[in-house]
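Peer 1: the following block contains a protein sequence and its predicted model.
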Amino acid sequence: MSTHEKEAGATGRAGLLRLLAADRMATAACAVLLLVGLCAVLGPPLLGDLAREQNLRAVKLRPFSTGEGWEFVLGSDSLGRSVLARLVVAAGTTLSVAVPAVVLSLLIGSVWGMWAGFHRGWRENVSMRIADVILSFPSLLLAVVVLYVFDPSIANLVAVLAIARIPVYLRTARAESAELRGRLFADAARTFGSGNWAIVRRHVAPIVLPTLLTVAAVDFCFVMLTESSLSFLGIGIQPPDVSWGLMVAQGRAELRNAWWTVVFPGLAIIVTTVAMTVLANWARIAGDPAQRWRLTTPKRGRTPRGRGSVPDSAAPPPGRPQPQQTGSRERTAKGTSHGEAPRQEQP
Amino acid sequence: MLTYLRRRILSSAIPLLVVVLGVFFLARLTGDPANLYLPLSATQKMREAFSAQHGFDDPLLVQFGDYLAQLAHLDFGESLRTAQPAAEAVLRAFPATLQLAGVTLLLAVAGAVVVGSLAAYRPNSPADRIASFLSSTAASTPDFWFAIMGVLVFAVTLDWLPTSGTVGSAAWVLPVATLLIRPFGVLVQVVRGAMVTALSEPYIKVARSKGAGERRVIFKHALRNAGAPTLTVAGDLAVGLINGAVVVETIFGWPGIGKLMIDSILQRDFAVLQAAVLLTALTIFALNLLIDVCYVLLDPRVRQGAMA
């Protein structure tokens, strides 16, 4: 019981931050995302004019040519606009599509999924069929058709992307809540007279939420990539605005003599999505008490140091083919006191 | 087995119907084809005649009824653009996409099984970390950007590969590589995860203690059990390949179904769009069925459930 309490302490905000700082990759990813977020918030008001300003003396400047001013450190495009300023402003557009789309689909999909999974029966069946329909249709084509019918505004873009991604959360939330409704604590709550919604809200949602948030983080990348593909195809963000996908599309014509107008926006997309993936992976491990020890155990080759809540017995012996998973499996087996015998203490 | 298949076919037929229905009505919302196909100076009479000739003046429901009746006779209508049967245009474009997607999926699955298994064999080893990092980067690379970079490096700068076209094996390299990059990245991660889990199961210990060779343990015992999640994801990725095909075919001028669909939306060529979507949906439907059958073959537990 005492280890449980200690672990509960480690999930506090300070504990999580310490865990984050211990993982260099996750820290870097976090910094990148903060930077992108900062660009998105501060960029348009500060650099909006600079991104639109055409400087005909500075057409197609190479990167790192500072003769015309600091803003051309990443070069300029065929109209003499600063690539750096456009990149920063585009971060705002990209996030203003991706964030609402992800939040919307997460909210609708998870509530719907928990409801469907909790009630089972026809509600579940109908919901799953709807999810199947949406998922069995290539999302890019759906977006092309819809955006062609209605104008390609940011609001429509968000709506299309949200609808296309709802099934992902719907499926996950349904599966988890269908399993949770049969658990003892759900029965207990029902015995004490809790209504259906109360059980979903207080007993199902808190357990499903971490999984859904991880899914959302991964999905964020998908939404960002789809938005940039749509903008690239000419039916996403429209020209007075600027997004990373659109920048690639516009730079494509100048590929032969101004490669930097294509390379940098693409790199921006990759760096942001990779950072999001890394952070999502980290959050999944950090959010799972059965796996959290992986983040605190010293890496191979370093000398093991005692670290508070980490039971050393869980640390796998190095150099064995299957150490990682066995450790966590057997720890859960120990906790529930059935299954195979726990591994012996390692020296 | 047959009951199982029948149940699966019935339950997947509904999504198929909805897709056909949705595309029919959505396409008609994109605007009046008469505006696009007749000159600006066309009189009202000419417009009406055009609509009447193609049946666009009937109520939507009547149009839909006619469409279904035609479908029952395997008549997919005529292209507005070329006045050729829509089925012909679609069937001409389909093999190009199918070849592209087939080669890509095959390479992605084969490559991911090898790389993912190697990475999972020693979790957290340098090889595993490199594979994990590269695959997550590959999974987050925008395909259109990768395609343009490929053109820039290999076609424009080095002049090794053509920028577009379908003739010769060199023309295949860039489209396949572009289409490959994301599915490959995702699949490596899935295979790795599934293999790490499988290799830590008790039956692996049993197999080892009974003296099975490492190769047999990995390929016979672990990989077979890691197959199910890999298959599921591969099936989902196949749907995603159509997305990729739209982008890749547009960039490389590949005369496939993705380009055809984009073109027919832009040209309001309803008959071709519907036929193309129908064929795509049918293909995805068949693929899902195939995956279900593979599940049954892979996993005796599913087999029992299916038989019952």
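Peer 2: Ah, there it is.
Peer 1: can you give me the helices in chain A?
Peer 2: Listed in chain order, the helices of chain A (DSSP state H) span A:2-10, A:13-22, A:24-52, A:83-119, A:121-135, A:139-149, A:154-180, A:184-191, A:196-199, A:205-233, A:244-252, A:260-286, A:293-296, A:323-336.
Peer 1: now for the third one, which elements pack on it?
Peer 2: Which is helix A:24-52. Counting contacts by 3 or more CB pairs under 8 Å, 6 or more residues apart in numbering or on different chains; DSSP states H and E, helix A:24-52 packs against helix A:13-22, helix A:83-119, helix A:260-286. C-beta here means a position set from N, CA and C on the backbone, and glycine is covered the same way.
Peer 1: out of the helices of chain A, deepest packed?
Peer 2: helix A:244-252 (a mean of 24; mean count of other CB atoms under 10 Å in any protein chain shown).
Peer 1: now do it against helix A:83-119, angle only.
Peer 2: Counting by axes from the mean of the first three to the mean of the last three CA atoms, to 10 degrees, helix A:244-252 lies at 140 degrees to helix A:83-119.
Peer 1: coming back round to it: so can I have JSON lines of the helices of chain A showing mean pLDDT?
Peer 2: Shown next, in JSON lines, are the helices of chain A (pLDDT from 0 to 100):
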{"stretch": "helix A:2-10", "mean pLDDT": "46"}
{"stretch": "helix A:13-22", "mean pLDDT": "70"}
{"stretch": "helix A:24-52", "mean pLDDT": "78"}
{"stretch": "helix A:83-119", "mean pLDDT": "85"}
{"stretch": "helix A:121-135", "mean pLDDT": "78"}
{"stretch": "helix A:139-149", "mean pLDDT": "73"}
{"stretch": "helix A:154-180", "mean pLDDT": "84"}
{"stretch": "helix A:184-191", "mean pLDDT": "82"}
{"stretch": "helix A:196-199", "mean pLDDT": "80"}
{"stretch": "helix A:205-233", "mean pLDDT": "82"}
{"stretch": "helix A:244-252", "mean pLDDT": "82"}
{"stretch": "helix A:260-286", "mean pLDDT": "82"}
{"stretch": "helix A:293-296", "mean pLDDT": "66"}
{"stretch": "helix A:323-336", "mean pLDDT": "36"}
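Peer 1: among the helices and strands packed on helix A:24-52, which comes closest to residue B:245?
Peer 2: helix A:260-286 (19.9 Å; CB to CB).
Peer 1: now look at that closest one and say if it contacts chain B.
Peer 2: Yes - using CB under 8 Å from any CB of the partner chain, helix A:260-286 reaches chain B at A:262-263, A:265-266, A:269-270, A:273-274, A:276-278.
Peer 1: wait, does stretch B:239-246 contact chain A?
Peer 2: Yes - using CB under 8 Å from any CB, stretch B:239-246 comes into contact with chain A via B:239-240, B:242-243, B:246.
Peer 1: would you mind listing what in the stretch 1-150 of chain A touches chain B?
Peer 2: A:129, A:132-133, A:135-141, A:144-146, A:148-149.
Peer 1: show me which pair in the residues you listed is furthest apart.
Peer 2: A:129 and A:148 (26.4 Å).
Peer 1: which is the next helix or strand following the helix or strand containing residue B:176?
Peer 2: Per DSSP states H and E, residue B:176 falls inside helix B:170-199. The helix or strand immediately downstream of helix B:170-199 is helix B:202-209, counting by DSSP H and E.
Peer 1: just the C-alpha atoms of that next one, please, in PDB.
Peer 2: Taking C-alpha atoms only, helix B:202-209 is exported to PDB below (Å, rounded to 0.1, in the frame of the first residue of the first chain):
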ATOM      1  CA  PRO B 202       5.400 -17.100 -21.200                       C
ATOM      2  CA  TYR B 203       5.000 -19.200 -24.400                       C
ATOM      3  CA  ILE B 204       8.300 -17.800 -25.700                       C
ATOM      4  CA  LYS B 205      10.000 -18.900 -22.500                       C
ATOM      5  CA  VAL B 206       8.400 -22.300 -23.000                       C
ATOM      6  CA  ALA B 207       9.600 -22.500 -26.600                       C
ATOM      7  CA  ARG B 208      13.200 -21.500 -25.600                       C
ATOM      8  CA  SER B 209      13.300 -24.000 -22.700                       C
END
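Peer 1: relative orientation of that helix and helix B:170-199 in degrees?
Peer 2: Taking the same axes, to 10 degrees, one finds helix B:202-209 and helix B:170-199 inclined to each other by 90 degrees.
Peer 1: how far out from the middle of the chain is helix B:202-209?
Peer 2: Offset of helix B:202-209 from its chain centre (CA atoms, centre = their mean, to the nearest Å): 38 Å.
Peer 1: contacts for the next helix or strand after it next, please.
Peer 2: As assigned by DSSP H and E, the chain's next helix or strand after helix B:202-209 is helix B:214-216. By CB atoms under 8 Å, 6 or more residues apart in numbering or on different chains, the residues outside helix B:214-216 that reach it are residue B:207.
Peer 1: how far away from the center of its chain is helix B:214-216?
Peer 2: Distance, centroid of helix B:214-216 to centroid of chain: 34 Å (CA atoms, centre = their mean).
Peer 1: helix or strand next in line after that helix, which one?
Peer 2: helix B:223-252.
Peer 1: next one: the helix or strand following that next one, is it in contact with chain A?
Peer 2: Of the helices and strands lying after helix B:223-252 in sequence (DSSP H and E), the nearest is helix B:257-266. Yes - remark: helix B:257-266 sits within contact range of chain A at B:261-262, B:265-266, by CB under 8 Å from any CB.
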